[in-house]
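Kindly return the folded structure for what I paste below:
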Amino acid sequence: MTVTNEEALQLGYKATIISTVSDVTLAGMKFAAGTLGGSSALIADAVHSVTDLATDFVSFVSLKISHQEADEDHPYGHGRAETIGTAVIGMVVAVVGLGLTWEQVVALESGKDSSPTWLAAAAAFVSMLIKEAMYWYTMAIGKKACSESVMANARHHRSDSLSSLAALIGIIGATLGYHAMDPLAAVIVGLMITHMGGEIVLDAARNLMDSGLSRDELAELRRIIEVVPNVLHHHDIKTRRAGRDVFIDLHIQAPPRISASEAHNIAETVRHDLRRLAPHITDAMVHIDTEDDSGGGHIYPDQRAFANKAVTEILERFPDIRLAEEIVLHYFVKNLVVDITLESADEQATAKMRETATLIKEKLFQTGVVNEVNVKYRLGRWEG
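Numbering: from 1, shown residues only. Predicted coordinates for the structure are as follows:
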C-alpha cells in the first residue's frame, strides 16, 4: 500500500527519533563497558554508535527538505535532498571507519596486550541484538515510506550490528588468551564500517546520476499503459528517481486520424493511471505518436499555409463552393495526407465539386511532399 507524502514524512520522523534514542543509549553503554571491561574493539564500536547520531540528524533534515512542495526554483520538487542526505551519511560512515581502522592498526603495531572482561562481551552481545532489531524496523519503515535516507540509516544499524558481532568475537578470543584478537577485531570493525559507508555513497551517486526503475518496476508500468483504450503501442520509456519521487517520459501510439483533443485525452488517461496505480509516480510526460516511430521519425516542412492558399485560390473560381471545415493534415513517417471537405448549397453542383477536387489534388501534388489527398463533398448544407 502506497503512503501519502505526509504519512511518509511522519513515518520517517518516527524511525529517526527511535534510532536516535537507541544510539544514545547504546553508545553510552558500549563506551562504559568497553572502558571498564578493557576492550578497544567495544570502544571502537561505541564510536561507531556515536556517528549514528550524526546520520540520524542528516536523515531528519533531508526528510524535512525532501517533502517540501515543488516551487518556482525547484519545479520537480525537493526529492534530491534525500539523495544528498544519503550521500552525506555514507561519507560520514566511511570516514569514521577509516579513522577507527588506522587507530587500531597503530595499536596492533605497538604490541600492547588487550585483556577485556566478560562485561565487555555481554555489552557487545546486547548491542548486536538491539542493532539488528533496529535494522529490521528501520528498513521496513524506509521501504514503506520509500525513503532513501531512512533506508541508509537502517544499513548503518546493520553495520553497527555486524561490528558488534566482530567486537564480540574479538573480546571472547582475547579473554581466552588470544590478546591480539581484540584490536584485530577493532580493525575488522573499521573496515566493515568503511565498506558500508562506501556502498551507501555509491547508491546515492547512482540516484544522482538519474538511475531508472528496475526491470520488474518497468514491467508493471507497461501493464498499466497497455490496458488504456486506444493505446496501440508504446516505446521509449525513460524513468528517473528524485528521492521517493519518480518521473517518467514515454511515447504512445494512438490511432492516426483521430482529433488532437482525443489524442490528448488518451495521453492524459495514461498519465492519470500511472500516477494512480504505480507507486511514487509524481508525474509522467506522455508524447503522442500517430504511428510507431521508434526507428526514427521524419520532419516535413509545414504545409498548412501552402494548402490553405492553394485551396482558397481554386475555390475563388467557384463562388458556390466553400470549405466545410478546416483542412486536416496527417503527418506520417512516410506519407503526408491532406483531408478536405467541401460543401455547396447547390444540390446540382456535383460536377463542379469533382472538378474542384481534381484541381486541388493537382495543385497539392505539385509540392512533391503530399502523398495523398482525400476530398469529401457536402450538398445542400450551406447556411447563411
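
Scan the protein for its longest helix.
In the chain, with assignment by DSSP state H, the single longest helix is helix 5-37.

Let me know the angle separating the helix or strand containing residue 183 from helix 5-37.
Using DSSP states H and E, residue 183 sits within helix 181-208. Using axes from the mean of the first three to the mean of the last three C-alpha atoms, to 10 degrees, the direction of helix 181-208 lies 160 degrees away from that of helix 5-37.

Show me what the longest helix of the chain packs onto, helices and strands only.
Helix 5-37 sits against helix 40-66, helix 118-145, helix 148-175, with contacts defined as 3 or more C-beta pairs under 8 Å, 6 or more residues apart in numbering; DSSP states H and E. Yep, even glycine has a C-beta here, placed from its N, CA and C like the rest.

Wait, a strand at residue 256?
No. Under DSSP: H, G, I helix; E, B strand; the rest coil, residue 256 sits outside any strand and is assigned coil.

Looking at it now. What's its pLDDT?
Residue 256 is assigned a pLDDT of 85 by the prediction.

What of the one 4 residues further on?
According to the per-residue confidence, residue 260 scores 86 in pLDDT.

ok, now how distant is it from residue 168?
69 Å (C-beta to C-beta, to the nearest Å).

What of residue 281?
Residue 281 is 45 Å from residue 168, by C-beta to C-beta.

do residue 214 as well
36 Å.

Counting neighbours, what do you get for the closest residue to residue 89 other than its chain neighbours?
Closest residue to residue 89 apart from its sequence neighbours, by C-beta to C-beta, 6 or more residues apart in numbering: residue 55 at 4.3 Å. Number of residues near residue 55 (other C-beta atoms under 10 Å) recorded here: 28.

same question, the one 4 residues further on
When counting by other C-beta under 10 Å, one arrives at 33 neighbours for residue 59.

Quick one: residues contacting it.
Applying C-beta atoms under 8 Å, 6 or more residues apart in numbering, one finds that residue 59 lies in contact with 12, 16, 19, 85, 89, 149-150, 152-153.

Packed most tightly, which of the helices and strands packed on helix 5-37 would that be?
helix 148-175 (a mean of 26; mean count of other C-beta atoms under 10 Å).

what angle do that one and helix 181-208 make?
170 degrees.

distance between helix 148-175 and the chain's centre?
Mean-position distance between helix 148-175 and its chain equals 30 Å (C-alpha atoms, centre = their mean, to the nearest Å).

Return the set of buried residues in the helix holding residue 183.
Residues of helix 181-208 classed as buried by neighbour count (16 or more other C-beta atoms under 10 Å): 181-194, 196-197, 199-201, 203-204, 207.

elements contacting it?
If contacts are counted by 3+ C-beta pairs under 8 Å, 6+ apart, helix 181-208 sits against helix 40-66, helix 80-110, helix 148-175.

Which of those sits closest to residue 249?
Residue 249 sits nearest to helix 80-110 of all the helices and strands packed on helix 181-208, at 17.8 Å, using C-beta to C-beta.

Now the closest one: buried residues?
By neighbour count on 16+ other C-beta under 10 Å, the buried set for helix 80-110 is 80-94, 96-97, 99-101, 103-104, 107-108.

quick one, what contacts the residue nearest the centre of the chain?
Centroid check for the chain by C-alpha atoms, centre = their mean gives residue 241 as the closest residue, at 2.0 Å. For residue 241, the contacting residues are 79, 83, 207, 210-213, by C-beta under 8 Å, 6+ apart.

Name the SS class of it, please.
Look at residue 241: counting by three-state DSSP, its state is strand.

who does it bridge with?
On the basis of DSSP bridges, residue 241 is bridged to residue 246.

And it, how close does it get to residue 247?
Residue 241 sits 8 Å away from residue 247, going by C-beta to C-beta.

ok, residue 378 - contacts?
324, 341-344.

Which helix or strand contains it?
Going by DSSP H and E, residue 378 is part of strand 372-379.

What segments of the stretch 251-384 of the chain are helices?
With DSSP state H, counting those that start in this stretch as the criterion, the stretch 251-384 of the chain has helices at 260-277, 304-315, 350-365.

Just the angle for the shortest one relative to strand 372-379, thanks.
Note on geometry: by the same axes, to 10 degrees, helix 304-315 and strand 372-379 are set 50 degrees apart in direction.

The longest one too?
Angle, helix 260-277 to strand 372-379, by the same axes, to 10 degrees: 110 degrees.

and helix 260-277, which residues are buried?
Residues of helix 260-277 classed as buried by neighbour count (16+ other C-beta under 10 Å): 263, 266-267, 269-271, 273-275.

can you redo these as JSON lines with distance to residue 362?
Formatted as JSON lines, the buried residues of helix 260-277 follow (distance: C-beta to C-beta, whole Å):
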{"residue": "263", "distance to residue 362": "31"}
{"residue": "266", "distance to residue 362": "36"}
{"residue": "267", "distance to residue 362": "37"}
{"residue": "269", "distance to residue 362": "42"}
{"residue": "270", "distance to residue 362": "41"}
{"residue": "271", "distance to residue 362": "44"}
{"residue": "273", "distance to residue 362": "47"}
{"residue": "274", "distance to residue 362": "47"}
{"residue": "275", "distance to residue 362": "50"}
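
still on that earlier bit, now the helices and strands packed on helix 181-208 as JSON lines including mean pLDDT and distance to residue 320?
Listed next are the helices and strands packed on helix 181-208 as JSON lines, based on pLDDT from 0 to 100; distance: least, C-beta to C-beta, whole Å:
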{"stretch": "helix 40-66", "mean pLDDT": "71", "distance to residue 320": "68"}
{"stretch": "helix 80-110", "mean pLDDT": "77", "distance to residue 320": "65"}
{"stretch": "helix 148-175", "mean pLDDT": "77", "distance to residue 320": "71"}
